[in-house]
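Asks: Okay, sequence plus prediction incoming.
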Amino acid sequence: MNFLIGILATWRLSAMLSYEAGMFNIFIRFREFIGIVHDDNGDVVDSDGSFLADLFSCIWCLSVWVGLFVGLIIYFFPVLVVIFYPFALSAGAILIERFARG
């Protein structure tokens, strides 16, 4: 069960950090702070070429590092898996919504 929670939480956290705007555009501001350029719609269009900017502009790349972080937390501190529940539940709800709407 912890593995499934880790997978869903990793995807949700990676998506939020990589391409979502977030409340009050918090994730856009964070990405701009590390060197990512967005268009008027908040979509990533370019980066300054730094490691962090390149990492956070690619969800596939970022998910490896987020997965490592989530996996290490769950492995070494299994009781802390509860901090990933909201992200896993959110990911599940999004997947169901996408499936239901087609």
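Replies: All right, it came through fine. Numbering: from 1, shown residues only.
Asks: contacts and neighbour counts: CA atoms only from here.
Replies: Noted.
Asks: Flag every buried residue along the lowest-mean-pLDDT helix or strand in the chain.
Replies: Within the chain, no helix or strand scores below strand 44-47, which has a mean of 89 by mean pLDDT, DSSP states H and E. By 16 or more other Cα atoms under 10 Å, the buried positions in strand 44-47 come out as 44, 47.
Asks: any residues touching it, and which ones?
Replies: Here strand 44-47 makes contact (Cα atoms under 8 Å, 6 or more residues apart in numbering) with 19, 35-39, 53-54, 57.
Asks: Tell me which two in those residues are the farthest apart.
Replies: D39 and D54 (16.4 Å; Cα to Cα).
Asks: quick one: low-confidence parts of the chain?
Replies: Of all residues in the chain, none has pLDDT under 70.
Asks: hang on, the earlier thing: specify the next element, helix or strand, located C-terminal of the least confident helix or strand of the chain.
Replies: Going down the chain from strand 44-47, the next helix or strand is helix 51-56, by DSSP states H and E.
Asks: can you list contacts of that following helix?
Replies: 17-18, 31, 34-36, 47-48, 61-62.
Asks: In that helix, which residues have enough neighbours to count as buried?
Replies: Taking 16+ other Cα under 10 Å as the criterion, helix 51-56 shows 53-56 as buried.
Asks: Just name the closest of those residues to T10, please.
Replies: Distances from T10 to the buried residues of helix 51-56, taken by Cα to Cα, are shortest for F56, at 13.7 Å.
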